[in-house]
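**Student:** can you look at this prediction? I've put the sequence above it.
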Amino acid sequence: MFVGNDFKKSEYWNCFIVKLKIIRMNFTLPVLAYTLSALQPSISEQTMAFHYGKHHQTYVDNLNKFIVGTPYENMSLEEIIKSAPDGPIFNNAAQVWNHTFYFEALGAPGQKAPSCKAIEEQWGSFDAFKDEFSKAAVGLFGSGWLWLVEGQDGKLQIIAESNAGNPMRKGLRPILCFDVWEHAYYLDYQNRRAEYVKNLWDILNWEVILKRF
Ligand code: FE
């Protein structure tokens, strides 16, 4: 029981705590380092408006909705991805993370293939790596993600994950990902996924990607 000022103080702190909790549980859509039209002609402004502005935003909104009142409410995205069972919370958390990782590694067209010792050691040349990664991206059945990851043995691997799959769930460290859900390319390429994958290499921001090694 609180009297006079004590009550007011307690009410103030309760409100403050509630406010903090609301701030904490809300994941937000990350701001892009480029404009929606910056990735043209590989990816159109219209695709970005839907993919980033609608799809990515919806995953963020759904995640914020689904975690209320669950143990995931106060976890980081990474913690949710590693611990949530298959289902809506995992799917939306992973899709938020995957899209953030994907968009973060894109940039203005005309990026040059990097000199990357780790890739050259593993595949012989950057072109050989690019070829294997592209074939796997085109060959992934249905919706999913293509990943370049580092295993616990320090070796690089190319892996495909269906739907919202994220390699951190298997103890692998993500370095690069291609979104091959149809929503990533259908407006620009319709069924021509191979063309989308080919043009994606032109807009990779290697400054960002090389820092992830
Ligand atoms: Fe997507």
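**Tutor:** Ah, there it is.
**Student:** from here on, contacts and neighbour counts on C-alpha atoms
**Tutor:** OK.
**Student:** for this protein, which spans come out with low pLDDT?
**Tutor:** The model of the chain has pLDDT under 70 over residues 1-25.
**Student:** that one: strands as residue ranges?
**Tutor:** 144-150, 156-162, 173-179 (DSSP state E).
**Student:** which helices and strands does the first one pack with?
**Tutor:** Strand 144-150 sits against helix 126-139, strand 156-162, strand 173-179, with contacts defined as 3 or more CA pairs under 8 Å, 6 or more residues apart in numbering; DSSP states H and E.
**Student:** now the last one
**Tutor:** Packing partners of strand 173-179 (3+ CA pairs under 8 Å, 6+ apart): helix 88-104, strand 144-150.
**Student:** quick one: contacts of it?
**Tutor:** Residues outside strand 173-179 that contact it (CA atoms under 8 Å, 6 or more residues apart in numbering) are 98-99, 101-102, 105, 137, 144-151, 167-168, 197, 209, 212-213.
**Student:** which of those count as buried?
**Tutor:** Buried members of the contacts of strand 173-179, counted by 16 or more other CA atoms under 10 Å: 98-99, 101-102, 105, 137, 144-151, 167-168, 197, 209.
**Student:** give me the neighbour count for Phe66.
**Tutor:** Residues lying near Phe66 (other CA atoms under 10 Å) number 16.
**Student:** ok, so what distance separates it from Glu78?
**Tutor:** The gap separating Phe66 from Glu78 is 16 Å, by CA to CA, to the nearest Å.
**Student:** gap between the residue most central in space within the chain and Glu161?
**Tutor:** Centre of the chain computed as the mean C-alpha position; nearest residue by CA atoms, centre = their mean is Asn98, 1.9 Å away. According to CA to CA, Asn98 stands 11 Å off from Glu161.
**Student:** now Gln122
**Tutor:** For Gln122, the distance to Glu161 - CA to CA - is 21 Å.
**Student:** just Glu121 next, same as before
**Tutor:** 24 Å.
**Student:** more neighbours, the two?
**Tutor:** Under the criterion of other CA under 10 Å, the comparison of Glu121 against Glu161 puts Glu161 first, with 16 against 12.
**Student:** before we move on, the earlier item: didn't the residue nearest to the centre of the chain look like it was pressed against Met168?
**Tutor:** No. Assessed by CA atoms under 8 Å, Asn98 is found out of contact with Met168, at 10.7 Å.
**Student:** burial of the closest residue to Leu204 other than its chain neighbours, as a residue count?
**Tutor:** Of all residues not flanking Leu204 in the chain, Leu106 sits nearest, at 4.6 Å (CA to CA, 6 or more residues apart in numbering). Around Leu106 there are 24 other residues, counting by other CA under 10 Å.
**Student:** ditto for Trp206
**Tutor:** Trp206, neighbours per other CA under 10 Å, totals 20.
**Student:** for it, what are its contacts?
**Tutor:** Counting by CA under 8 Å, 6+ apart, Trp206 makes contact with Ala105, Gln111, Ala113, Pro114.
**Student:** mind putting these into CSV with distance to Phe126?
**Tutor:** Output for the contacts of Trp206, formatted as CSV (distance: CA to CA, whole Å):
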residue, distance to Phe126
Ala105, 17
Gln111, 14
Ala113, 8
Pro114, 8
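**Student:** show the buried residues in those residues.
**Tutor:** Counted by 16+ other CA under 10 Å, those give Ala105 as buried.
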